[in-house]
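>>> Predicted model and sequence below, questions to follow.
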Amino acid sequence: MLRRDPCCWSGAGEAPQMAMPRNKLHGLVAATFTPMTQDNEINLSVIGQYVDYLVKVQGIKNIFVNGTTGEGLSLTVEERKLLAEEWINQGKGKLDQVIIHVGSLSIKDSQQLAKHAAEYNASGIAVISPFFFKPQSIEALTEFLKEVAAAAPSTPFYYYHLPELTGVSLNIVELLDGIEKRIPTFQGLKFTSSDLLDFGQCVHKYKDKFAMLYGKDELLLSAMVLGASGAVGSTYNYIGNLCNKMLTVTERGDFITAREHQAVVQEFIGSVSRFGFGVAENKVTMMLVSGIPLGPPRLPLLECSEEKRAKILAKLKILGILT
């Protein structure tokens, strides 16, 4: 498969120098699924349709590519590059920001992916902590992030905090202390943890400096009340409209309506989580709502069973998400 030449990205193409504008990413960011064929190969052909669906149907104009929802760590470096190129190309003139996750167990792979994303004018890059050989201190984690960010010295950089999967449970408010001196391109966090104490402290101390993006969809309202600037999540692919309404009424101070919207999200996630709601089930949900063929997940994840699919479909209809 031939790779396209690097393309210009409207709104993100100018390479910032010393004074990088901060806190530009806000609102909802859809963590995109990776379309697969039935033979478990990446399927680039539906990404254009996927972009149009997000923008026109769900009102989503920012995306996070090759993250957990996108099975990024189950993909090869070459596959991740091809996906990054296609999302950037298809999003040109339609999406506001395309953030490419470049985290890997290998710092060399992360640097290669970071450099590639920069060459194709990604709006930003994000990195998860290594989770086999784990950083044991803030200093070790910062040093790792600094070396990856240096491979794309003019591209906005985000740290993706996911302690439930990585096992790296360092205090993130400490990570942010003076981080812009070590990583000039640092722009903010994708904070995917239920630790609202740590998140709240991050927001209180650094919301004027950095984008504070929350990653637990079922707790979005709580994070917004704390002052989150936005959120990154998988459910925004198919209930983005509902969650955008929640953000709108929250900004107006209408917390009664906001709680009603959050309750729908929690009812859906809570009910399907009782029988397992991982990437496979999430992917099926997106296919049921959008009609976009996304295929199965890649092993070691197993395909969603027909029994689970039927339960998801029933819940979507009960909640009025799917008629």
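All right, it came through fine.

>>> Buried residues in the helix or strand that contains residue 268, which are they?
Taking DSSP states H and E as the criterion, residue 268 maps to helix 255-273. Applying a neighbour-count criterion of 16 or more other C-beta atoms under 10 Å, the buried positions in helix 255-273 are 258, 261, 262, 264, 265, 266, 268, 269, 271, 272. No exception for glycine: its C-beta is placed from N, CA and C like everyone else's.

>>> and if you look at stretch 44-52?
If you call a residue buried by 16+ other C-beta under 10 Å, then stretch 44-52 has these buried ones: 44, 46, 47, 50, 51.

>>> Need the CA coordinates for that stretch. CSV is fine.
Output for stretch 44-52, consisting of C-alpha atoms alone and laid out as CSV, is shown next (Å, rounded to 0.1, in the frame of the first residue of the first chain):
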residue,chain,number,x,y,z
LEU,A,44,-8.6,2.5,5.5
SER,A,45,-11.5,2.6,3.0
VAL,A,46,-14.2,3.6,5.5
ILE,A,47,-12.3,6.3,7.3
GLY,A,48,-13.7,9.0,5.1
GLN,A,49,-17.3,7.9,5.9
TYR,A,50,-16.3,7.7,9.5
VAL,A,51,-15.1,11.3,9.6
ASP,A,52,-18.3,12.6,7.9
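
>>> let's number from 156 now, not from 1
Understood, numbering begins at 156; the last thing we discussed is stretch 199-207.

>>> Now do it: distance to the chain's middle.
Taking C-alpha atoms, centre = their mean, to the nearest Å, the mean C-alpha location of stretch 199-207 is offset from the chain mean by 17 Å.

>>> same question, stretch 396-413
In terms of C-alpha atoms, centre = their mean, the centre of stretch 396-413 is set 21 Å apart from its chain centre.

>>> contacts for stretch 352-368?
Counting by C-beta atoms under 8 Å, 6 or more residues apart in numbering, stretch 352-368 makes contact with 177-181, 184, 313, 326-328, 331, 335, 341-346, 348, 369, 378, 381-387, all of which sit outside it.

>>> Which ones among these lie within strands?
The subset of the contacts of stretch 352-368 located in strands under the criterion DSSP state E comprises 184, 313, 341, 342, 343, 344, 345, 346, 369, 385, 386, 387.

>>> got a list of what residue 392 touches?
Taking C-beta under 8 Å, 6+ apart as the test, what residue 392 contacts is 185, 186, 187, 188, 209, 213, 215, 224, 441, 445.

>>> how about the residues you listed in TSV, adding pLDDT and neighbour count?
TSV is the format used below for these (pLDDT from 0 to 100; neighbours: other C-beta atoms under 10 Å):
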residue	pLDDT	neighbour count
185	98	26
186	98	27
187	98	26
188	98	24
209	98	26
213	98	21
215	98	25
224	98	24
441	98	22
445	98	19
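
>>> quick one, what contacts the residue nearest to residue 182 when sequence neighbours are not counted?
Of all residues beyond its chain neighbours, the one nearest residue 182 is residue 385 (4.9 Å), with distances taken as C-beta to C-beta, 6 or more residues apart in numbering. For residue 385, the contacting residues are 180, 181, 182, 183, 184, 217, 366, 367, 368, 369, by C-beta under 8 Å, 6+ apart.
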